[in-house]
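Output the structure for:
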Amino acid sequence: MGTLTEEIFSRRLGREVHAGEIVVAPVDYAMAHDVTGPLAIEAFRKLDVPLWDPERVIMVFDHILPANTVASAGLHKIVRDFADEYGVTHVFQEGICHQLMVEKGFIRPGGIVVGADSHSTTYGALGCFSAGFGSTDIAVTFATGRTWFRIPETIRINLRGELRQVTGDRHARLAFCACAARHSLTSDPIMMMAASTKNAMAMGSSRKMWKSPPESTSERR
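Next up, the predicted model:
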């Protein structure tokens with residue numbers, strides 16, 4: 001048995017994969033928001049191909065909501081026009097995109113999800129392989145439903161003991177960021193018994209992703 005990342009990709013591809021391999025794999029969902037979405041849409045239109053699956057493309061208005069300038073309103077219109085044209089039904093404006101991805105049931109243990117936002121690593125809290133992509137890469141995923149990955153090595157961290165009364169998950173995460181910087185731990189995913197706060201901060205220490213074994217509640221979903 002390999003690492004959690006290796007197991008997720010092995011099951012998805014139907015063959016055994018190992019850290020260091022470069023693979024092309026299908027994803028479950030691709031998400032963009034009101035800032036990165038217009039850039040992804042522009043790149044997608046240049047490809048001049050059909051949308052992969054409107055049920056698996058997710059758009060969230062959360063970074064500039066409500067629109068505070070005419071320019072921001074124009075970005076919103078680009079996203080809404082795209083959704084109407086291609087039949088994208090998963091369009092939300094009721095909260096932070098990463099919270100909504102979890103709350104709406106798009107994130108499941110063993111899944112593979114990409115988002116046009118660096119904090120898409122949040123979904124690793126539920127045992128899902130997730131990574132933040134640039135808008136151009138998301139555009140290609142909109143077109144094909146697939147993208148390339150380098151299967152990363154994994155660093156496992158076990159936390160022992162108890163946090164002091166005034167400290168919490170975020171403090172532990174920041175302490176690790178300092179340690180990672182000192183030891184040049186970059187791009188490998190981190191395995192840790194942790195909650196979504198640490199996963200959301202993964203990019204702060206140059207992590208490819210930050211993944212936690214799913215709890216029973218996540219598995220039941």
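
Can you list the low-confidence ranges for this protein?
180-221 (pLDDT under 70).

check contacts around the residue nearest to the spatial centre of the chain.
With distances taken as CA atoms, centre = their mean, Ser120 lies nearest the centre of the chain, 2.8 Å away. Applying CB atoms under 8 Å, 6 or more residues apart in numbering, we find Ser120 in contact with 31, 98, 113-114, 130-133. For the C-beta atoms, the positions are set from N, CA and C on the backbone; glycine is no exception.

how close does Ala19 sit to Pro152?
Separation of Ala19 from Pro152 (CB to CB, to the nearest Å): 6 Å.

shared neighbours of these two, anything?
Between them, Ala19 and Pro152 share the contacting residues Thr5, judged by CB under 8 Å, 6+ apart.

Of the contacts of Ser120 - the most surrounded one?
Most neighbours among these, by other CB atoms under 10 Å: Met31, with 31 neighbours.

So what pairs up with that one in the strands?
Ile58, Gly115 (DSSP bridges).

residue ranges for the strands of this protein, please.
Counting by DSSP state E, the chain has strands at residues 22-26, 29-33, 57-60, 90-92, 112-115, 129-132, 146-150, 155-157, 190-192, 210-211.

I'd guessed Lys104 sits against Phe92; true?
Yes. Here Lys104 lies in contact with Phe92, judged by CB atoms under 8 Å, at a distance of 7.4 Å.

before we move on, back to that, in TSV, list the strands of the chain along with distance to Val166.
As requested, these are arranged in TSV below (distance: least, CB to CB, whole Å):
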stretch	distance to Val166
strand 22-26	43
strand 29-33	34
strand 57-60	34
strand 90-92	35
strand 112-115	33
strand 129-132	31
strand 146-150	39
strand 155-157	22
strand 190-192	21
strand 210-211	24
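
quick one, which of those is nearest to Thr3?
Ranking the strands of the chain by proximity to Thr3 (CB to CB) places strand 190-192 first, at 7.3 Å.

what's the longest helix along the chain in contact with?
Selection of the longest helix in the chain by residue count, based on DSSP state H, yields helix 70-86. Here helix 70-86 makes contact (CB under 8 Å, 6+ apart) with 34-35, 37-38, 41-42, 51, 54, 57, 59, 61, 64, 67, 88-89, 91.

Give me the neighbour count for His33.
There are 26 residues near His33, going by other CB under 10 Å.

what's the answer for the one 3 residues further on, then?
The local packing count at Thr36 equals 22, with neighbours defined by other CB under 10 Å.

what's the nearest residue to it if we skip its chain neighbours?
Ala116 (3.6 Å; CB to CB, 6 or more residues apart in numbering).

related to what we said a few turns ago, can you give me the angle the longest helix of the chain makes with strand 29-33?
With axes from the mean of the first three to the mean of the last three CA atoms, to 10 degrees defining the directions, helix 70-86 sits at 150 degrees from strand 29-33.

Just the CA trace of helix 70-86, in CSV.
Coordinates of each C-alpha in helix 70-86 appear next as CSV, following Å, rounded to 0.1, in the frame of the first residue of the first chain:
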residue,chain,number,x,y,z
VAL,A,70,-18.0,49.1,-12.6
ALA,A,71,-15.0,46.9,-13.5
SER,A,72,-15.9,44.4,-10.8
ALA,A,73,-19.5,44.3,-12.1
GLY,A,74,-18.0,43.6,-15.6
LEU,A,75,-16.1,40.6,-14.2
HIS,A,76,-19.3,39.3,-12.7
LYS,A,77,-21.1,39.6,-16.0
ILE,A,78,-18.4,37.6,-17.8
VAL,A,79,-18.9,34.7,-15.3
ARG,A,80,-22.8,34.9,-15.5
ASP,A,81,-22.8,35.1,-19.3
PHE,A,82,-20.5,32.0,-19.4
ALA,A,83,-22.7,30.1,-17.0
ASP,A,84,-25.8,30.9,-19.0
GLU,A,85,-24.2,30.0,-22.4
TYR,A,86,-22.8,26.7,-21.3
